[in-house]
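Novice: The following comprises the amino acid sequence and a computationally predicted model.
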Amino acid sequence: MSSNGNTQLIFTLQGDQNQLVANFGPFLPLQLSGTLQDMLNVIADTEATVQTAVTAAQSPATATMDLVGYFLGVIVASQPILKAVTPQALTLPQGLVGSYAYCDTAPTGNVSCPINKISAGVVTPIGSVNFNAGYTTGTFTFTKDITTSPGDVVEVLAPPSIDPTFSGPSFGLSGTVPVAAGNVVIKTTGYTPFSLDRSGLLVMNTEDPVVNTLPAATGVSGGFPNGWRTGFLNIGTGVVTLAVQTGVYLNGKLDGTIALATGQSAQVWTDGTNWFAAVGA
């Protein structure tokens, strides 16, 4: 349509209005200019960004699990130099992104250490750790995501041919495990969250005052890494106090606390070191 000599294009978004606002709200209004193709490109790019965000939000919550080992001693051809049981389903990503491998003494020639998954006695090759001649940092060949079952074993073997100088290999293989997210649990006493409380809601129902001490954060991995969060809701008559470990900050205050009266809630997050909370009525 035309107005004051300017041409306007009106785009109508069809669908549930609440969902549209939730998905597109941060991107509106769209800044459209240039040719019609330029404007269509902006809309397409925004749609792709929103779809990526929605997919990420719907993905199951995960926590990091690392398989770490160091081999000291004389290396025998094809012997295990790292062997780890996975007590729960572990996904090792394509390319083993986030993993590291080193050796104390570089090999004289190129060497390759096979990586296997052992499930119910069946050995399946899944990749390799590679050290080039003269280098003490390894690289990985890992062509796709691999997920183990509880009780499976991941092993790294020594090269099938022994290199005269290769020694002291160490490995840190990084993967992810699913966590129970979104569970609602009612508590009647003071409580320190477990890692599986991630993205859940802890409903406090007690007549007496209680203190919930937040756990020690664990950096970029472990049970309480950067981004770990959970929620609290007080439905009891007793005041619920959220506290942190000694020497830790809560909302920028050393050894800080937050008191939740009846009907109040709080979402808490960690950056891997300290804690932050948003309190609601």
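Specialist: Received the coordinates, thanks. Numbering: from 1, shown residues only.
Novice: can we go C-alpha only for contacts and neighbour counts from here?
Specialist: Fine.
Novice: count of neighbours near Asp152?
Specialist: 21 (other C-alpha atoms under 10 Å).
Novice: Could you report the distance from it to Thr270?
Specialist: Distance, Asp152 to Thr270, by C-alpha to C-alpha, to the nearest Å: 31 Å.
Novice: got it, and Ser149?
Specialist: Distance, Ser149 to Thr270, by C-alpha to C-alpha: 29 Å.
Novice: More neighbours: the two, which one.
Specialist: Set Ser149 next to Thr270 and count neighbours by other C-alpha under 10 Å: Thr270 wins out with 23 against 17.
Novice: Regarding that one, what are the backbone dihedral angles?
Specialist: In terms of degrees, to the nearest 10, the main-chain angles of Thr270 are phi -120, psi 150.
Novice: I'd guessed it sits against Thr230; true?
Specialist: No - contact criterion C-alpha atoms under 8 Å: Thr270 and Thr230 do not qualify, at 9.6 Å.
Novice: any low-confidence regions in the stretch 51-200 of the chain?
Specialist: 51-61, 179-181 (pLDDT under 70).
Novice: all strands for it, in order.
Specialist: Using DSSP state E, counting those that start in this stretch, the strands of the stretch 51-200 of the chain run over 62-70, 80-85, 91-92, 100-105, 111-119, 122-131, 139-141, 146-147, 153-157, 167-178, 184-187.
Novice: Excluding chain neighbours, what is closest to Gly182?
Specialist: Gly200 (4.0 Å; C-alpha to C-alpha, 6 or more residues apart in numbering).
Novice: Can you name the residues that contact the one you found?
Specialist: Contacts for Gly200 (C-alpha atoms under 8 Å, 6 or more residues apart in numbering) come out as 181-185, 230-231.
Novice: again, 6 Å this time
Specialist: Gly200 makes contact with 181-184, 230, according to C-alpha atoms under 6 Å, 6 or more residues apart in numbering.
Novice: Report the contact partners of Asp152.
Specialist: 85-86, 118-119.
Novice: ok, of those residues, which one's closest to Ile235?
Specialist: Thr86 (39.0 Å; C-alpha to C-alpha).
Novice: Fine, thanks again, bye for now.
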